[in-house]
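fold the following for me, if possible:
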Amino acid sequence: MKFLVLITMTLISGQNFGQSHKKTEIININGINMYFEVHGEGEPLFLLHGWTQSSQFWSEYIPTYAQHFKVYAIDLRGHGKSSELTDDFSIEKTASDILKLLDFLKIEKAKAVGLSYGGLTLLKLASLHPERIESMVLIGVAPIYDGKENTNLDKTFSYENLPDSFIKELKETHYGGESQIKRLFDQNLNYRISIGDETLKSIKTKVLIVNGDRDEIMGIDPAITLHKFLPNSELWIVPNTGHIAITGSNRYVFLTKSTQFLQNGER
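Alright, predicted model coming up:
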């Protein structure tokens, strides 16, 4: 998948692997083990990472969010300390994992931030159970996407061709080792989402859509489509940046905008 080819090596860089956390837990949900961390106090806020990442991606964001919310940083299906991917993987199954986690935690309604894979998961969950997500921030997300359909795929790209330095970083993030990591590079995974305009119109959840103006994965049109059809949405196009539009010099502005949005539902 071009999705993997272009962004995998940038997703993990800059993570703070030494961050302390308040509480950790591993629970069994939908037949898999799911790991999550809990920080801070207040209204529940779920943080969902991108592909090949883990909850550690949010290490530089959590201190700000934890001043205002009870933060749940989650290792999504196939990632981090959660179980490795199985053949029946889908975005819908990952969304179901989050729904079951809400039930386990006895959280009726949560706020959430989702980056790429995490954002697709949130959008799918909101399309099925909009009453469970009070407000959400979606970064680099499209309502229709299929990782298999990109014609620019580099056929030589595989786990075996990854630089040793990157494999080392992946092994520091994914505790299932080589077996777990190789599954993330399986080109046959059902990495698809398809949510039509009428379904988008029915989602009343407050949504902040964040998209880089040079997003090399999704482009900019899907973000405009989301804003057009999601009735309670705002659109923030981040200038001079790509798919991961919230890192580097954009992190502070993103934290300010997203925190205020999640607190008030408006900028």
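
give me the neighbour count for Glu178.
Neighbour count for Glu178, taken as other C-beta atoms under 10 Å: 12. (C-beta placed from N, C-alpha, C; glycine too.)

report all helices and strands that the one helix or strand it maps to contacts.
Here Glu178 sits within helix 177-184, counting by DSSP states H and E. In this structure, helix 177-184 packs against helix 164-173, with contacts taken as 3 or more C-beta pairs under 8 Å, 6 or more residues apart in numbering; DSSP states H and E.

average pLDDT across the helix it packs on?
In this model, helix 164-173 has a mean pLDDT of 90.

tell me the buried residues in that helix?
Glu169, Leu170, Thr173 (16 or more other C-beta atoms under 10 Å).

out of the residues you listed, who's nearest Leu105?
Using C-beta to C-beta, Thr173 comes nearest to Leu105 of these, at 24.1 Å.

help me confirm that the closest one comes into contact with Ser54.
Yes - Thr173 is in contact with Ser54 according to C-beta atoms under 8 Å; the separation is 5.0 Å.

quick one: common contacting residues for those two?
Overlap of the contact sets of Thr173 and Ser54 (by C-beta atoms under 8 Å, 6 or more residues apart in numbering) consists of His79, Gly80.

so how far is the helix holding Glu178 from its chain's centroid?
19 Å (C-alpha atoms, centre = their mean, to the nearest Å).

then stretch 42-49?
11 Å.

how about stretch 216-227?
That offset, for stretch 216-227, works out to 16 Å (C-alpha atoms, centre = their mean).

and that stretch, which residues are buried?
Neighbour-count burial for stretch 216-227 [16+ other C-beta under 10 Å]: Ile217, Met218, Pro222, Ala223, Thr225, Leu226, His227.

next up, the contacts around the fifth one.
Read that as Thr225. Listed by C-beta under 8 Å, 6+ apart, the contact set of Thr225 reads Ala142, Pro143, Asp197, Leu200.

please pick the buried ones from those.
Buried members of the contacts of Thr225, scored by 16+ other C-beta under 10 Å, are Ala142, Pro143, Leu200.

tell me how far the first one lies from Ile224.
Translated: Ala142. 11 Å (C-beta to C-beta, to the nearest Å).

and what of Glu134?
Computed as C-beta to C-beta, the Glu134 to Ile224 distance reads 24 Å.

the strands in the stretch 151-267 of the chain, which residues?
Using DSSP state E, counting those that start in this stretch, the strands of the stretch 151-267 of the chain run over 192-194, 206-212, 233-238.

pLDDT below threshold where in the stretch 101-250 of the chain?
Low-confidence segments of the stretch 101-250 of the chain (pLDDT under 70): 149-157.

average pLDDT for stretch 38-45?
pLDDT averaged over stretch 38-45 gives 97.

going forward, begin numbering at 2 instead of 1
From this message on, residue numbering opens at 2, which makes the last subject stretch 39-46.

just the CA trace of it, in CSV.
C-alpha atoms of stretch 39-46 as CSV (Å, rounded to 0.1, in the frame of the first residue of the first chain):
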residue,chain,number,x,y,z
VAL,A,39,-4.7,6.5,31.4
HIS,A,40,-3.6,10.0,32.2
GLY,A,41,-5.2,13.0,33.9
GLU,A,42,-8.7,13.6,35.2
GLY,A,43,-11.9,15.0,33.7
GLU,A,44,-14.1,14.1,30.7
PRO,A,45,-12.8,11.0,28.8
LEU,A,46,-10.7,11.7,25.7
